[in-house]
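[1] need a structure here:
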Amino acid sequence: MKQNDQINQHLSRLAKALQFIDDHLSETLTLDEMAAQVCYSPFHFHRIFKALTQEPFLAYVKRRRMEKAAALLMRSHTSITGIAYEVGFADNAAFSKAFKKHYGVSPSQFREASPDRYAKMDHSKIGQEPLSFEAYLYRMEEQLKWFINAADIRLLDREKELLAYVSHIGDCNNIGDSFSKLLSWADKRNVLDFPSTKLMLIYHDSLKITPEENARFSAAITLNEEIEQEGEVLKMDFEGGKCVAAKVELVVDELEKVWTSMFMWLNANEYQVAERPCFEIYHSNWQEHPERKCLLELCVFVS
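    Numbers count the residues shown, from 1 in each chain. The predicted structure is shown next:
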């Protein structure tokens, strides 16, 4: 199958997801169930969905509920309680609270106000207008094109490696302290041998699923010989296997965009992502670059 055909097939499944959401706003919609509807794992569905809509799944569903409610308030004589049920709320109080938070007025105030007051409301905020899937399609195609042009993408067979690492739990932006401890330890023991020594960040959890304060990472370096574990510095055997690697130069703010593009590319090319940690390999230091760029390699094991 040609790559364009694969991408179109991939996009058709996402179009199905958007339509399914609109057709089932009165029901409980969960990420797991929605992913199963379009044959994705929850992890990959969340990444791709956010790339298309620029919103997390639950935020998108919440917005669509409010938009449908607004449309019904403006265009029908259905009671407010009836509308609450139609958009998935079990009681009127919870619905009214959510509606006021979204629009700044209660449902009854919204209905009683002159329609002219809301005439300039964006079409995406009046519920039953057709979704502009063409815009989503264009956004995804442009992001994939950017990624393919910017990254050197290869399929590798990685060998098993011995690593020294320092574990980190919580905000990934604070992992610099873990790298400092690791590199200080390694320098004192003369185990650094750049460029053969690789500096790595291993993601043990997905930030799309695990709350950031609970997410676990490892700041790691490759080793050429066995070490004694000492204090916070531990060792691990990092198993090898088939891996898609994308080497790209970027500024730090582009990292999330690049990871999202990576998973879009994997799905478009029908790779099955293995249930193993993703990781990054750093080939340069952004602090030493005049434009604060870093050359790094994003790596995902596939089966």
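
[2] helix or strand for the nearest residue to Ser106 once chain neighbours are set aside, which one?
    In this structure, Ser106 finds its nearest non-sequential neighbour in Lys100, 5.2 Å apart by Cβ to Cβ, 6 or more residues apart in numbering. (C-beta placed from N, C-alpha, C; glycine too.) Element membership for Lys100 (DSSP states H and E) is helix 92-103.

[3] likewise Thr78?
    Going by DSSP H and E, Thr78 is not in any helix or strand.

[4] helix, strand or coil for the closest residue to it other than its chain neighbours?
    Leaving aside its sequence neighbours, Thr78 sits nearest to Leu72 (Cβ to Cβ, 6+ apart; 5.6 Å). Look at Leu72: counting by DSSP: H, G, I helix; E, B strand; the rest coil, its state is helix.

[5] from now on call the first residue 496
    OK, 496 is where the count begins now, so the last one is Leu567.

[6] Show the contacting residues for Leu567.
    573, 578, 581-582, 622 (Cβ atoms under 8 Å, 6 or more residues apart in numbering).

[7] Strand partners (parallel or antiparallel) of the host helix or strand of Met695?
    In this structure, Met695 is located in strand 694-698 according to DSSP H and E. Strands that pair with strand 694-698, judged by DSSP bridges, come out as strand 711-718 (antiparallel), strand 773-777 (antiparallel).

[8] And the helix or strand following the longest one, what does it pack against?
    Translated: strand 711-718. Moving toward the C-terminus from strand 711-718, the first helix or strand encountered (DSSP H and E) is strand 728-733. Strand 728-733 is packed against strand 656-664, helix 671-683, strand 711-718, with contacts defined by 3 or more Cβ pairs under 8 Å, 6 or more residues apart in numbering; DSSP states H and E.

[9] list the buried ones in strand 728-733?
    Buried residues in strand 728-733, defined by neighbour count with 16 or more other Cβ atoms under 10 Å: 728, 730, 733.

[10] same thing with stretch 657-665?
    658-661, 663.

[11] If you average the pLDDT over that stretch, what comes out?
    Averaging pLDDT along stretch 657-665 yields 90.

[12] what secondary structure does Phe540 sit in?
    helix.

[13] gap between it and Tyr555?
    12 Å (Cβ to Cβ, to the nearest Å).

[14] For these two, indicate the residue with more neighbours.
    The neighbour count for Phe540 versus Tyr555, taken as other Cβ atoms under 10 Å, is higher for Phe540 (24 against 19).

[15] From what I see, the more buried one and Val533 are in contact.
    Yes. Checked against Cβ atoms under 8 Å, the pair Phe540 and Val533 is within contact range at 6.8 Å.

[16] Can I take it that Val795 is in a strand?
    Yes. Under three-state DSSP, Val795 sits within a strand.

[17] Quickly note the distance from it to Asp647.
    For Val795, the distance to Asp647 - Cβ to Cβ - is 15 Å.

[18] who's more crowded, those two?
    Comparing Val795 with Asp647 by other Cβ under 10 Å, the one with more neighbours is Val795, at 20 against 10.

[19] Now do the contacts for the residue nearest in space to the middle of the chain.
    Ranked by distance to the mean C-alpha position of the chain (Cα atoms, centre = their mean), the top residue is Arg542 at 3.6 Å. Residues near Arg542 by Cβ under 8 Å, 6+ apart: 703, 754-755, 758-759.

[20] that older thread, between Phe540 and Val533, which contacts overlap?
    Shared contacts of Phe540 and Val533 (Cβ under 8 Å, 6+ apart): Ala512.

[21] Domain-wise, how is the chain divided?
    Taking automatic domain parsing as the domain assignment, the ranges for the chain are 498-641, 645-796.

[22] Would you single out the least confident of those domains?
    domain 498-641 (a mean of 78).

[23] Distance of the residue nearest to Ser601 relative to Ala588?
    11 Å.

[24] and if you look at Gly577?
    Gly577 is 15 Å from Ala588, where distance means Cβ to Cβ.

[25] residues near Thr576, how many?
    Thr576: 14 surrounding residues under other Cβ under 10 Å.
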